[in-house]
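K.L.:
The following block contains a protein sequence and its predicted model.
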Amino acid sequence: MNWQAVLHLGFLWLGIAALLYVIQSASQFITGIPWLGLAPLHALTIGYFSTIVLGMATRVTLGHSGRALVADRITWWLFMGFQAAVLLRVAGDIWTGWPMAIWHPHLLAGLVWLVCFGIWFADYAPIYWRPRVDGKPG
């Protein structure tokens, strides 16, 4: 996995969040109605923060455990799962016509996020209680 790609993707969400905030502020100024609901906030928190934090946590975990700074295929799919979660969450806020059902984007986004984070935790948590693979102290 290219760590710079993960960071660029996270910063892309920062820009998208800023753009959504501009659109929302302009719509409220012009019409008095703050369109987009919580979409800008979720682009910032789920998109930017989740991507950056998980990317850095993965890199630091691998580096401090003496492993190569290369994420496996599972980790890459988990990052893509996080991107799907933010897209679902933002889409659910932008288009409010979704019927309330089990497949509502907000619920799906939460489930995808929790499943991805749970898999990441199950994959990386054991690294913390094992010795470094390179035999160095720490």
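P.N.:
Nice, I can see it.
K.L.:
and the closest residue to Gly138 other than its chain neighbours, which of the three is it?
P.N.:
With sequence-adjacent residues excluded and distances taken as Cβ to Cβ, 6 or more residues apart in numbering, Gly138 is closest to Arg132, at 6.0 Å. C-betas here are computed from N, CA, C, even on glycine. Classification of Arg132 by DSSP: H, G, I helix; E, B strand; the rest coil places it in coil.
K.L.:
which phi and psi does Arg132 have?
P.N.:
Phi and psi for Arg132, reported as degrees, to the nearest 10, are phi -60, psi 140.
K.L.:
can I assume it is in contact with Gly66?
P.N.:
Yes: with contacts counted by Cβ atoms under 8 Å, Arg132 reaches Gly66, the gap being 3.8 Å.
K.L.:
Okay, Tyr21 and Leu78: tell me how far apart.
P.N.:
28 Å (Cβ to Cβ, to the nearest Å).
K.L.:
more neighbours, the two?
P.N.:
Neighbour tally, Tyr21 and Leu78, criterion other Cβ atoms under 10 Å: the higher count belongs to Leu78, 22 against 16.
K.L.:
In the strand or helix carrying the more buried one, which of the residues would be classed as buried?
P.N.:
Following DSSP states H and E, one finds Leu78 within helix 73-94. Neighbour-count burial for helix 73-94 flags 75, 78-79, 81-83, 85-93 (criterion: 16 or more other Cβ atoms under 10 Å).
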